[in-house]
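**Student:** Build the 3D model from these lines:
(one chain, ligands or ions: 1)
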Amino acid sequence: ASPLRQLAEAQGRYFGTAVTQNMLSNSTVTNLAGAQFDMVTPGNEMKWDTTEPGNGSYNYGPGDQIVSFAQSHSMRVRGHNLVWHSQLPSWVSSLPTNQVQAAMEAHITNEVTHYKGKVYSWDVVNEPFDDSGNLRTDVFYQAMGTGYIADALRTARAADPNAKLYLNDYNIEGSGAKANAMYNLVSSLKSQGVPLDGVGFESHFIVGQVPSTMQANLQRFAALGLDVAVTELDDRMPTPASQANLNQQATDYGNVVKWCLAISRCVGVSQWAVGDPDSWIPSAFPGYGAATMYDSNYQPKTAYNSVVTAL
Ligand code: XIL
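**Tutor:** Now for the predicted structure:
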């Protein structure tokens with residue numbers, strides 16, 4: 001079969017993957033990533049704890065390595081991410097409240113300027129909502145209230161007017177309170193003229209539990225004049241994997257790709273790893289794994305074939 005990237009490109013979409021610095025020294029991984037995928041999200045290397053570990057001291061070495069890997073394989077880059085409650089260095093959360101806005105704006109301006117012209121999009125604010133659909137009361141919210149999101153988006157736009165600006169979250173893929181909260185937020189931002197180009201749906205799924213309302217839910221966001229993207233797709237199961245679960249995983253992956261293709265403003269799908277060996281799932285969800293399209297030897301699983309068919 002043709003590579004995923006070629007099949008996606010034939011439909012004006014991309015097929016992406018997440019890459020971390022340690023993966024760059026494994027040629028099995030880099031060859032496979034470069035052959036199959038045309039978009040790279042750095043797994044950790046553009047997060048605040050890496051890029052600004054001390055106030056005003058910036059470190060772009062790891063992120064630059066991911067960008068140059070991407071460029072050498074004609075892959076684009078999703079910048080991930082600028083503002084997030086997690087992987088946030090403690091100096092930020094310990095700032096006096098009246099210094100948080102300036103620190104946030106300086107961080108965004110510096111990082112977006114560094115990568116200007118090199119990233120396709122930025123996840124400007126990552127995971128703003130808690131599981132009930134309330135904005136998290138993190139350091140940014142405490143300092144600025146809801147307005148921190150508009151301020152972050154405006155600051156990013158000023159630094160790189162050509163990068164697509166996203167909000168990205170999980171458990172907003174299907175209908176529900178959290179999806180509604182995101183919908184209401186982005187509707188309000190759009191109606192106020194705040195610069196926002198897209199919404200990222202992480203899509204960390206459990207086998208057999210992909211929400212059947214996903215296509216309709218993404219479609220209503222697209223109808224607001226936004227791009228939508230599946231940004232961190234994986235589909236976990238208890239390990240060792242059973243054949244029944246691997247078959248269900250193929251159905252799940254195929255459905256997600258089909259639903260994206262059915263929405264003209266769904267710009268692409270990114271998997272959150274290249275293969276099972278580099279997936280975050282076994283460490284984040286003990287007892288689970290086998291969440292990607294490539295097995296422990298980087299051989300394509302039935303989910304891969306299902307995606308090829310869907311594309
Ligand atoms: C994960 C990385 O894959 C891990 O290596 C890290 O330890 C924690 O973060 N949502 C996101 C991603 O937006 O940044 C997270 O990535 C997975 C959940």
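**Student:** Stretch 105-120 - what's its average pLDDT?
**Tutor:** On average, the pLDDT along stretch 105-120 is 98.
**Student:** Can you give the contact residues for that stretch?
**Tutor:** 39, 46, 48, 51-52, 56, 58, 60, 63, 67, 71, 76-79, 82-83, 122, 124, 151-152, 155-156, 158-160, 162-164 (C-beta atoms under 8 Å, 6 or more residues apart in numbering). Backbone N, C-alpha and C define where each C-beta goes, glycine included.
**Student:** same for the ligand: which of those residues are within range?
**Tutor:** Restricting the contacts of stretch 105-120 to those within reach of the ligand (C-beta under 6 Å from any ligand atom) leaves nothing.
**Student:** Could you tell me which of the residues you listed are located in strands?
**Tutor:** Among the contacts of stretch 105-120, the members falling in strands (DSSP state E) are 39, 76-79, 82-83, 122, 124, 164.
**Student:** how about the residue of the stretch 1-150 of the chain found nearest the ligand, phi and psi?
**Tutor:** Closest contact between the stretch 1-150 of the chain and the ligand, by C-beta to the nearest ligand atom, is at G43 (4.7 Å). G43 adopts backbone torsions of phi -60, psi -40, taken as degrees, to the nearest 10.
**Student:** now swap in R236 and tell me
**Tutor:** According to degrees, to the nearest 10, R236 has phi -90, psi 160.
**Student:** What are the boundaries of the helices in the stretch 101-250 of the chain?
**Tutor:** Taking DSSP state H, counting those that start in this stretch as the criterion, the stretch 101-250 of the chain carries its helices at 139-144, 148-159, 177-191, 214-222, 243-261.
**Student:** Would you format those helices as a markdown table with mean neighbour count, mean pLDDT and distance to F201 included?
**Tutor:** Listed next are the helices of the stretch 101-250 of the chain as a markdown table, based on neighbours: other C-beta atoms under 10 Å; pLDDT from 0 to 100; distance: least, C-beta to C-beta, whole Å:
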| stretch | mean neighbour count | mean pLDDT | distance to F201 |
| --- | --- | --- | --- |
| helix 139-144 | 19 | 98 | 22 |
| helix 148-159 | 21 | 98 | 17 |
| helix 177-191 | 17 | 98 | 9 |
| helix 214-222 | 19 | 98 | 7 |
| helix 243-261 | 19 | 98 | 9 |
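**Student:** Any idea which of the ones you listed gets closest to N22?
**Tutor:** The closest of the helices of the stretch 101-250 of the chain to N22 is helix 243-261. By C-beta to C-beta, the value is 25.2 Å.
**Student:** picking up where we left off before, just so I know, which of the helices of the stretch 101-250 of the chain lies nearest G16?
**Tutor:** Nearest to G16 among the helices of the stretch 101-250 of the chain is helix 243-261; the distance by C-beta to C-beta comes to 11.7 Å.
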